[in-house]
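*Asks:* Model the following, please.
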Amino acid sequence: MKLELYIASIYTLLIVMPVTVAGQGVIVSSGIYMKMTGGTMVLHNSNWVNNGNYTDQNGTIIINGNTHVSGSSLNTFGDVTVITGSMLSINSQNFVTINGLLTNNAGTTGFVLQSDTTGTASLIHNTDNVPATVQRYISGAAEAWHFLSAPTSNQGISGTWLPSGSYVNGTGYDLYAWNEPTNCWIYKLNTTSIVNWNTIHPGSDFTPGRGYLYSVQATNPTKEFIGNLNNGSLTYPLTFNSADAVLKGFNLVGNPYPSSMDWQAASGWTCSDLVSSGGGYDMWIWNQAANNYGVFNSATGIGTNSITRYIAPMQGFFVKAYVAGDLGVNNNVRVHDGTGWFKNTDSNPVGISLVVQSESDKSCDEALLLFGYSANEPGAVKLFSHVQTAPSLYLSSGSEKYSVQYLTDTIDNSTVPVVFNPGKDGNYTLRCNFDNDNFNIVTLEDRQMHYNQDMKSVKTYSFLAAKTDDANRFVLHFGSENKSSGGELPARIYSDGNQLIIDLKLVRKETMVMVYDVLGRKLLQQELPGETLHNLGLNVPRQILVVFLKNPDGGFSRKLVWAGD
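*Replies:* Predicted coordinates for the structure are as follows:
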């Protein structure tokens, strides 16, 4: 029997007998429940669209012709067979789990996982040696850096992965592998150095479980991994040989599966050779939007620079070993979450998150202070950006540099230095994210400007920075005593109903004025000459404003009600 199934007007459809679907295909509408309890369904040039609820109990789907899987809902199948000459493709926004046997008799062109600007198809399966083509959309600007890994076992590092272009050497790509013993990046075309590509990279294929640093001259190409899908238990060797004490043990690994992995999975990871931190293990992922690495901890469940517990398919990431050994993984870590790529977002940690952002290109960095530990403990080591102009924000303890620190409380840690390197001259914004109820006092001291800001009132601080500045510029204070040398400026701030009045007649030096709303959004920033009364117009509606003044001699602030236009 051949038919078209458009399942939209009934609540439940049970399939218990052999069915052949031809033409438009199977469409499960939103709110509809479809259940396959055994039996066989043959899709003959028929698409599968699932926006409802579909379950499969030991059924068999046979792909005869071209079938495209799409829709907003997860598809969970029993056995799936793609017959010779047919093709099964999974939409870039679709998730598919195959609990039974996945058989592809149509070769690598007969099973395609799509990827584009909207996302990447996700597949969870448990059958070895399934031939497929897995697409990888290269997002972001041309020549941006990406960390990637192979979801197939036999994709050659050749062909379209190595395009020609107008670089000096005639290429249109850059491909590097990280070598921990020499703590440096090794270029694909470097075959003459004592330590070169051929000495550190066995074979001509992408290595499953290894991470790569990749950049292309073209804008947003879609690359393809073609070969047999990785599945089941895999291990990747870790080295611990670097002479650099900071970088020793850092290994670039990668997600080997065509689905995401959960760094907090209850089972499936073998991490015993990794450095323990915060009761768990850290992993570092490159965020191209931030131009920095973010770090995520498996125990605290907190990450920096928008990094979460989910490692996307084809994503490379760093781990830190304390001994030569292995990182192990199996199918228990595989999930459908987190298949997209990164965007800058605010985080809400238990403690304080500090985020610095360049106002010129929006690159940023983040550091975390986490309180409530029985003793001050080393946290996540700071992994510095390979982009020289990117800002760096971190915490220090002796000679060590951290993106995350674990601390007891604000009594034992009443002052915490915050180190900042701008990467390039320009204007920056430093933002503190925390729950006001958890802290009595949070004051940011700018040692360079001799200025203190109450971060509980306004959690954003704007400043000008140069590469030649002292990196030990900022201090967070959690106590009432602040040793900063800056005093209160003899200034006045008020409104005459139409204009903002800044009275600097008793202030000798040039002074910066910054105006924020109660949500911390900056409305005005301007340098004003001293010894002058200034009338400033603001084109904003009626609201409460917070006005800050600062110069090398000190600062002054006031909240006022702005009448508006």
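*Asks:* Next, please give the residue ranges for the helices of the stretch 101-250 of the chain.
*Replies:* For the stretch 101-250 of the chain, the helices defined by DSSP state H, counting those that start in this stretch occupy 197-200.
*Asks:* can you pull up the bridge partners for Arg134?
*Replies:* Actually, residue 134 is Val rather than Arg. Beta bridges link Val134 to Leu113, Phe225 when assigned by DSSP bridges.
*Asks:* Sorry, wrong one. I was asking about Ser396.
*Replies:* Here Ser396, judged by DSSP bridges, has bridge partners Lys401.
*Asks:* Any idea how many residues pack against it?
*Replies:* Using other Cβ atoms under 10 Å, Ser396 is surrounded by 16 other residues. No exception for glycine: its C-beta is placed from N, CA and C like everyone else's.
*Asks:* How about the contacts made by it?
*Replies:* Residues in contact with Ser396 (Cβ atoms under 8 Å, 6 or more residues apart in numbering) are Tyr402, Pro417, Val419.
*Asks:* was I right about Leu489 contacting Gly554?
*Replies:* Yes. Leu489 lies in contact with Gly554 (Cβ atoms under 8 Å); the separation is 5.0 Å.
*Asks:* sec struct for the residue most central in space within the chain, please.
*Replies:* In the chain, the centroid-proximal residue (Cα atoms, centre = their mean) is Ile307; its distance is 3.7 Å. What DSSP: H, G, I helix; E, B strand; the rest coil gives for Ile307 is coil.
*Asks:* wait, what's in contact with the closest residue to it other than its chain neighbours?
*Replies:* Spatial nearest neighbour of Ile307, excluding adjacent residues (Cβ to Cβ, 6 or more residues apart in numbering): Gly294 at 3.3 Å. Shown in contact with Gly294 (Cβ under 8 Å, 6+ apart): Trp284, Ile285, Asn287, Gly303, Thr304, Asn305, Ser306, Ile307, Phe342, Glu366.
*Asks:* Just these: which are in strands?
*Replies:* Using DSSP state E, the members of the contacts of Gly294 that fall in strands are Trp284, Ile285, Asn287, Glu366.
*Asks:* ok, the closest residue to the last one other than its chain neighbours - contacts?
*Replies:* The shortest distance from Glu366 to any non-neighbouring residue, by Cβ to Cβ, 6+ apart, is to Thr304 (4.0 Å). Contact criterion Cβ under 8 Å, 6+ apart gives Gly294, Val295, Phe296, Ser347, Ser353, Asp365, Glu366, Ala367, Leu368, Ala380, Ser403, Val404 as the residues in contact with Thr304.
*Asks:* so the first one bridges to which residues?
*Replies:* Spelled out, it's Gly294. Where Gly294 sits in a bridge, its partners, by DSSP bridges, are Ile285.
*Asks:* quick one: pLDDT of it?
*Replies:* If you check Gly294, the pLDDT there is 97.
*Asks:* Then the fourth one?
*Replies:* The predicted structure scores Ser347 at 40 on the pLDDT scale.
*Asks:* could you give the mean pLDDT of stretch 416-436?
*Replies:* Mean pLDDT, stretch 416-436: 95.
*Asks:* Only the buried residues of it, if you could.
*Replies:* 416, 418-424, 426, 428-434 (16 or more other Cβ atoms under 10 Å).
*Asks:* Out of those, which comes closest to Ala177?
*Replies:* Proximity of the buried residues of stretch 416-436 to Ala177 (Cβ to Cβ) peaks at Gly423, which lies at 25.2 Å.
*Asks:* quick one, what contacts that closest one?
*Replies:* Gly423 makes contacts with Ser358, Ser363, Ser385, Val387, Gln388, Thr389, Ala390, Pro391, Ser392, Lys467, as judged by Cβ under 8 Å, 6+ apart.
*Asks:* Measure how buried the fifth one is and give me the count.
*Replies:* To tie it back to what came earlier, the one meant is Gln388. Gln388 is flanked by 10 other residues according to other Cβ under 10 Å.
*Asks:* Can you tell me how far the residue lying closest to it once chain neighbours are set aside is from Ser403?
*Replies:* Among residues not flanking Gln388 along the chain, Gly423 sits closest, at 6.5 Å (Cβ to Cβ, 6+ apart). Taking Cβ to Cβ, to the nearest Å as the criterion, Gly423 is separated from Ser403 by 16 Å.
*Asks:* do the same with Ser306
*Replies:* Ser306 is 13 Å from Ser403, by Cβ to Cβ.
*Asks:* who's more crowded, the two?
*Replies:* The residue with more neighbours, out of Ser306 and Ser403, is Ser403; 27 against 19, by other Cβ under 10 Å.
*Asks:* Secondary structure class of Gly25, three-state.
*Replies:* strand.
*Asks:* Show me the beta-bridge partners of it.
*Replies:* Asn47.
*Asks:* Tally up the residues packed near it, please.
*Replies:* Gly25 has 19 neighbouring residues, counting by other Cβ under 10 Å.
*Asks:* ok, Gly172 touching Glu143?
*Replies:* No. Applying Cβ under 8 Å as the test, Gly172 and Glu143 come out as separate, 9.5 Å apart.
*Asks:* Please enumerate the shared neighbours of those two.
*Replies:* Common neighbours of Gly172 and Glu143, using Cβ under 8 Å, 6+ apart, are Val216, Gln217.
*Asks:* thinking again about what came up before, want to throw the contacts of Gly294 into a markdown table with distance to Ile544 and pLDDT?
*Replies:* Listed next are the contacts of Gly294 as a markdown table, based on distance: Cβ to Cβ, whole Å; pLDDT from 0 to 100:
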| residue | distance to Ile544 | pLDDT |
| --- | --- | --- |
| Trp284 | 41 | 98 |
| Ile285 | 39 | 97 |
| Asn287 | 34 | 94 |
| Gly303 | 33 | 94 |
| Thr304 | 31 | 96 |
| Asn305 | 32 | 96 |
| Ser306 | 30 | 95 |
| Ile307 | 35 | 96 |
| Phe342 | 34 | 46 |
| Glu366 | 28 | 98 |
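*Asks:* Between those residues, which sits nearest Asn47?
*Replies:* Within these, proximity to Asn47 (Cβ to Cβ) peaks at Phe342, which comes in at 31.3 Å.
*Asks:* Compute the distance between the residue nearest to the centre of the chain and Gly249, please.
*Replies:* Here the criterion is Cβ to Cβ. By it, Ile307 lies 19 Å from Gly249.
*Asks:* picking that back up, select from the contacts of Gly423 the one having the most neighbours.
*Replies:* Taking other Cβ under 10 Å as the neighbour criterion, Pro391 ranks highest of those with 25 neighbours.
*Asks:* Enumerate every residue touching Asn438.
*Replies:* Shown in contact with Asn438 (Cβ under 8 Å, 6+ apart): Gly351.
*Asks:* Look up phi and psi at it.
*Replies:* Dihedral pair for Asn438: phi -90, psi -10, per degrees, to the nearest 10.
*Asks:* So the closest residue in space to Ser72 that isn't next to it in sequence versus Ile27, what's the distance?
*Replies:* Sequence neighbours aside, Asn51 is the residue nearest to Ser72 in space, at 5.0 Å (criterion: Cβ to Cβ, 6+ apart). Distance of Asn51 to Ile27, computed by Cβ to Cβ: 8 Å.
*Asks:* cool, Gly211 as well?
*Replies:* Per Cβ to Cβ, Gly211 is found 40 Å from Ile27.
*Asks:* Give me the more crowded residue out of those two.
*Replies:* Using other Cβ under 10 Å, the more surrounded residue of Gly211 and Ile27 is Gly211, with 25 against 20.
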